[in-house]
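Student: Sequence first, then the predicted structure:
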Amino acid sequence: MGVMEQQVATRAPLIALLGNPNCGKTALFNRLTGSRQKVANYAGVTIERKEGHFTSPKGHAMRVLDLPGAYSLTAQTPDEAITRDVVAGLRAGEKSPDIVVCVVNATNLRLNLRLVLEIQRLGLPMVLALNMVDVAKKRGIEIDTARLSQELGMPVVETVAIQAGGERALVELLDKADLDLNVKPQPLAAIDAVPVEQTQREVRRIVEASASYAHDKGNLSEKIDNVVLHPVVGPVLLAALMFIIFQAVFSWAEAPMDFIESSVGAIGEFVGSVLAEGPLHSLIVDGIIAGVGGVLVFLPQILILFFFILILEDIGYLPRAAFLLDRMMGGVGLSGRAFIPLLSSFACAIPGVMAARTIQNPRDRLVTIMIAPLMTCSARLPVYALIIAAFIPEREVGIFNLQGLVLFTLYVMGIVSAMGVAWYMKRRSGSGQHPLMMELPAYHWPHLRSLALGLWERAVIFLMRVGTLILTLTILLWFLSSFPGAPEGATQPPIYYSVAGMLGRALEFIFAPIGFGWQICIALVPGMAAREVAVGALGTVYALSETGDAVANTLGPLIAGSWSMATALSLLAWYVYAPQCLATLSTVRRETGSAKYAWMMAGYMFGLAYVASFITYRVALALGGG
């Protein structure tokens, strides 16, 4: 943090944005702060703390804190507990806010105002930001902001967080506010002193006094939901949508992947022709270019997957998918609320594990955490894509692509296995299903700016991993694979006699029954840090294993000529289950507060991986895949 930001942090009042999930609070935070924000974790937990700052038109510097979404200060989830403690000044190292901006959805005052009344009892300065007023007006909902302000006893301003300038009225109000920076919140007992039923009656009275729904034209989202949430049509649409996504991951990415692959090959050939033979030539060509380039080629597929996930999230479909799957997930002891954390795990298991905080029931939360890594995360995609492209013919099966069908099957294997593990854990615990209660946001068109920022963020994260973790491990693997070198009269390539080669041959004793040779065993070790590292490791291993100009070849043909079909299918089965991501295991330990569950997860997933690979390898051999 620079000198300017330090000065802002010491003198600026702290404004806390607080509201229900799906009220537009984070969009308002982004509108106020822009790029002037930083994200960290609250001390002792992995819940994100988002703070930014801005300067008002009158030159007043202000800090803004985006608190986790909450329905009530009577906390039912870890997110709500953090929000309660910060607002009440109970969070160690956190000052209570100087002013609370309650962001409410103008189309759903009845649900949102309970939280407002609870916070009001803490005695902090407050402002009500009536967000989504544009949607309310289109529906014919009439809200008398002056009357609402009078009933609540606090200033009320209208905002449209998704529009440029939609925050102006709030900024102008904050600009004029005369804040007492020494106000302390009342004890939380002030909230519990009023029964929930009385609070709800007060909410109804305020809504009836300040809002009119007489001319409400109805919610278009409800009409769409008649189709999307239909008990027969809805699941069919969901299955078709998921299937299209997996087909697109291969079909749409083909051209950009070919371009990246040919570019990496051209760079390798050029660098190889310029550098003289020797250790430096081997490090750059066989180590860095072969390793990093082998991972970089899968960026288009990862971005296509995130493109669909971000759009589904933005238009409001994901909570609907949770409702559609609630009955099916209830059969294995989960509520539909687990769907969103599990879907997030398709991108990365870490945010999926963290998103399980929104699940109120502790048992459901733990089961969701334990099965989240079985969802096929984007880090598996480079491994899947490499093996499928090398061994599965690119041909049409009806209207579908065979490679896309295989990828879809791998995703289904992960999902079915996760449901099986959840069912087993339900039987062990003996607890029943808990009803699903979730607010469905209104449908709206995706915001292109948010979509572009989301894709850019994912691309940067991936490229940073390529440029840091993967590059570092690739160089380390090259060193271990190049020394001490081959003895005189050696009949194997030099890597066979290296430190990495000796480690690979030692592990081969364990993995030979599932068809893994010493080259694959070498790649599995650095692949524990992150699954996609295995692709770069294989690129380095096979570049150093080949005689002649191996750089001119791509990794796909190299493994296609070295492995049997049975080995390829066995490795695919291994990556469906194996917990090859230390960061995920570390996150599980922090989220559960115990290393026991991280060890349990690693144990059962490695066990599943070995059994699945063994069965796959033996069946494939029996069918002639040797």
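Tutor: Ah, there it is.
Student: So what touches stretch 399-419?
Tutor: 242-243, 246-247, 249-251, 329, 332, 342, 346, 371-372, 374-376, 384-385, 388-389, 392-397, 572-573, 576-577, 608 (Cβ atoms under 8 Å, 6 or more residues apart in numbering). In short, each C-beta sits where N, CA and C put it, glycine included.
Student: if we go to 6 Å?
Tutor: Stretch 399-419 is contacted by residues 246-247, 250, 332, 371, 374-376, 384, 388, 392, 394-395, 576 when judged by Cβ atoms under 6 Å, 6 or more residues apart in numbering.
Student: Most neighbours among the residues you listed, which one?
Tutor: When these are compared by neighbour count (other Cβ atoms under 10 Å), residue 371 ends up highest, at 29 neighbours.
Student: and which of the contacts of stretch 399-419 is nearest residue 478?
Tutor: Distance ranking of these against residue 478, using Cβ to Cβ, places residue 384 first at 24.7 Å.
Student: dump the residue contacts of that closest one.
Tutor: Residue 384 neighbours (Cβ under 6 Å, 6+ apart): 407, 410.
Student: hmm, 7 Å instead?
Tutor: Counting by Cβ atoms under 7 Å, 6 or more residues apart in numbering, residue 384 makes contact with 407, 410, 572.
Student: Can you verify it is assigned to a helix?
Tutor: Yes - applying DSSP: H, G, I helix; E, B strand; the rest coil, one finds residue 384 inside a helix.
Student: how near is it to residue 514?
Tutor: Distance, residue 384 to residue 514, using Cβ to Cβ, to the nearest Å: 17 Å.
Student: Could you do residue 237 as well?
Tutor: 38 Å.
Student: Same drill for those two, tell me which one is more crowded.
Tutor: residue 514 (23 against 18).
Student: Is that one in contact with residue 569, as I believe?
Tutor: No - with contact defined as Cβ atoms under 7 Å, residue 514 does not reach residue 569; the gap is 10.4 Å.
Student: And the strands in this structure, which stretches?
Tutor: Counting by DSSP state E, the chain has strands at residues 14-19, 37-41, 48-55, 61-66, 99-105, 126-131, 142-143, 156-159, 211-212, 396-397, 400-401.
Student: Find the nearest non-adjacent residue to residue 483, please.
Tutor: Closest residue to residue 483 apart from its sequence neighbours, by Cβ to Cβ, 6 or more residues apart in numbering: residue 498 at 5.9 Å.
Student: which ones are touching the one you found?
Tutor: Counted by Cβ under 7 Å, 6+ apart, residue 498 has contacts 480, 481, 482, 483, 484.
Student: Among those residues, which one has the most neighbours?
Tutor: residue 481 (28 neighbours).
Student: residues touching that one, list them.
Tutor: Neighbouring residues of residue 481 by Cβ under 7 Å, 6+ apart: 495, 498, 500, 501, 540, 541, 544.
Student: What is the nearest of those to residue 132?
Tutor: residue 540 (52.3 Å).
Student: any idea how far that closest one lies from residue 522?
Tutor: 9 Å.
Student: Neighbour count: these two, which is higher?
Tutor: Neighbour count, other Cβ under 10 Å: between residue 540 and residue 522, residue 540 has more, with 35 against 31.
Student: thought the more buried one was touching residue 290?
Tutor: Yes - using Cβ under 7 Å as the test, residue 540 is close enough to residue 290 to be in contact (5.6 Å).
Student: Burial check on residue 614, number of neighbours?
Tutor: The number of residues packed around residue 614, counting by other Cβ under 10 Å, is 16.
Student: residues contacting it?
Tutor: 513, 514.
Student: if I look at it, how far off is residue 569?
Tutor: If you go by Cβ to Cβ, the gap between residue 614 and residue 569 works out to 12 Å.
Student: same question, residue 481
Tutor: Noted for residue 481: a distance of 26 Å to residue 569, by Cβ to Cβ.
Student: With residue 363 instead?
Tutor: Using Cβ to Cβ, we find residue 363 at a distance of 36 Å from residue 569.
Student: thinking again about what came up before, mind checking which of the strands of the chain is nearest residue 587?
Tutor: Across the strands of the chain, closest to residue 587 is strand 37-41 (Cβ to Cβ), at 11.0 Å.
Student: Let me know the average pLDDT across that closest one.
Tutor: Averaging pLDDT along strand 37-41 gives 70.
Student: nearest spatial neighbour of residue 29, skipping sequence neighbours?
Tutor: Leaving aside its sequence neighbours, residue 29 sits nearest to residue 66 (Cβ to Cβ, 6+ apart; 4.1 Å).
Student: Just give me the neighbour total for that neighbour.
Tutor: There are 25 residues near residue 66, going by other Cβ under 10 Å.
Student: What residues are bridge-paired with it?
Tutor: Beta-bridge pairing of residue 66 under DSSP bridges involves residue 17, residue 50.
Student: do you know how far it is from residue 51?
Tutor: 7 Å.
Student: Check residue 573 too.
Tutor: Counting by Cβ to Cβ - residue 573 and residue 51 are separated by 45 Å.
Student: If you count surrounding residues, which of the two has more?
Tutor: Taking other Cβ under 10 Å, residue 573 and residue 51 do not tie; residue 573 has more neighbours (24 against 18).
Student: Let me know whether the more buried one touches residue 616 as I believe.
Tutor: Yes - with contact defined as Cβ under 7 Å, residue 573 counts as touching residue 616 (4.2 Å).
Student: on that earlier part again, quick one: which of the contacts of residue 481 is nearest to residue 216?
Tutor: residue 540 (63.2 Å).
Student: same question for stretch 427-446, mean pLDDT?
Tutor: Mean predicted lDDT for stretch 427-446 stands at 65.
Student: Tell me the span between the first and last residue of it.
Tutor: Separation of the first and last residues of stretch 427-446 by Cα to Cα, to the nearest Å is 41 Å.
Student: With stretch 160-172 instead?
Tutor: Span of stretch 160-172 from end to end, Cα to Cα: 15 Å.
Student: what sits up against it?
Tutor: Here stretch 160-172 makes contact (Cβ under 7 Å, 6+ apart) with 24, 27-28, 31-32, 56, 101, 129, 131, 133-134, 157-159, 447.
Student: and those residues, which are buried?
Tutor: With burial judged by 16 or more other Cβ atoms under 10 Å, the buried subset of those is 24, 27, 28, 31, 32, 101, 129, 131, 133, 157, 158, 159.
Student: who are the neighbours in contact with the fourth one?
Tutor: Residues touching residue 31, when contacts are defined by Cβ under 7 Å, 6+ apart, comprise 161, 166, 167.
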